[in-house]
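Participant: okay, here's the prediction I keep looking at, along with the sequence it came from:
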Amino acid sequence: MKFDLPPSIQNLIAARNELKAHYSAVDLHFTLDGNLVGDLGEAVAAELFGLTLTGRSNEGVDGYAPDGRSVQVKASGTKRGAAFRPVETKADHLLVFHFDYDGCYGEVIYNGPEEPVREVLPETWVGQRSVSAPAFRRLNKLVSESDRLQIIAKAT
């Protein structure tokens, strides 16, 4: 499911795109990674799905859906997917966004229970482990409509 990014985020992306164009001769990409992209994902999830965000104090849970389910949000601006860290607290639900900075749109590539995604990760590990975007899309096809969070607002 693709959606337009909110205007305030579009402004940020437009500024990034101007920098990328200006420095294209030296092949700088100005990818928006790390905490910023995670924060953008949580902001979009709050708008689209009505999440009540928890802030940075709750490891493994980024917010709560209107129906009370705990939710973790992952976001990426690359085609690599999203990284997970080993945490004790597991969310009931997982939302994964891909942001296309050049096209200035986002896409939900996974909207379902977190457990099936956790099952593709090793039982134990140190540091970060990634799940690829194709794996998220494959798993997303297996999610029943009743297990998905419903969109409550258009993100424009």
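Facilitator: Right, received. Where do you want to start? Please read all numbers here as calculations on a predicted model, not as lab measurements. Residues are numbered from 1 along each chain as shown.
Participant: tell me which stretches of the protein form strands.
Facilitator: 2-4, 52-53, 63-64, 70-76, 82-84, 93-100, 105-113, 129-131 (DSSP state E).
Participant: so which of the ones you listed gets nearest residue 137?
Facilitator: Residue 137 sits nearest to strand 105-113 of all the strands of the chain, at 5.4 Å, using CB to CB. Just so you know, the C-beta spots here come from the backbone N, C-alpha and C atoms, and that holds for glycine as well.
Participant: so what touches stretch 48-61?
Facilitator: For stretch 48-61, contacts defined as CB atoms under 8 Å, 6 or more residues apart in numbering pick out 3, 42, 45-46, 62-66, 70-73, 87-91, 95, 108, 149-155.
Participant: pull out the buried residues from the residues you listed.
Facilitator: Among those, those classed as buried by 16 or more other CB atoms under 10 Å are 3, 42, 45-46, 62-65, 70-73, 91, 95, 108, 149, 155.
Participant: TSV for the strands of the chain, including mean pLDDT?
Facilitator: Converted to TSV, the strands of the chain look like this (pLDDT from 0 to 100):
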stretch	mean pLDDT
strand 2-4	90
strand 52-53	90
strand 63-64	95
strand 70-76	95
strand 82-84	91
strand 93-100	96
strand 105-113	96
strand 129-131	93
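Participant: now the ones you listed as a markdown table including distance to residue 14?
Facilitator: Converted to a markdown table, these look like this (distance: least, CB to CB, whole Å):
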| stretch | distance to residue 14 |
| --- | --- |
| strand 2-4 | 13 |
| strand 52-53 | 25 |
| strand 63-64 | 27 |
| strand 70-76 | 18 |
| strand 82-84 | 24 |
| strand 93-100 | 13 |
| strand 105-113 | 13 |
| strand 129-131 | 28 |
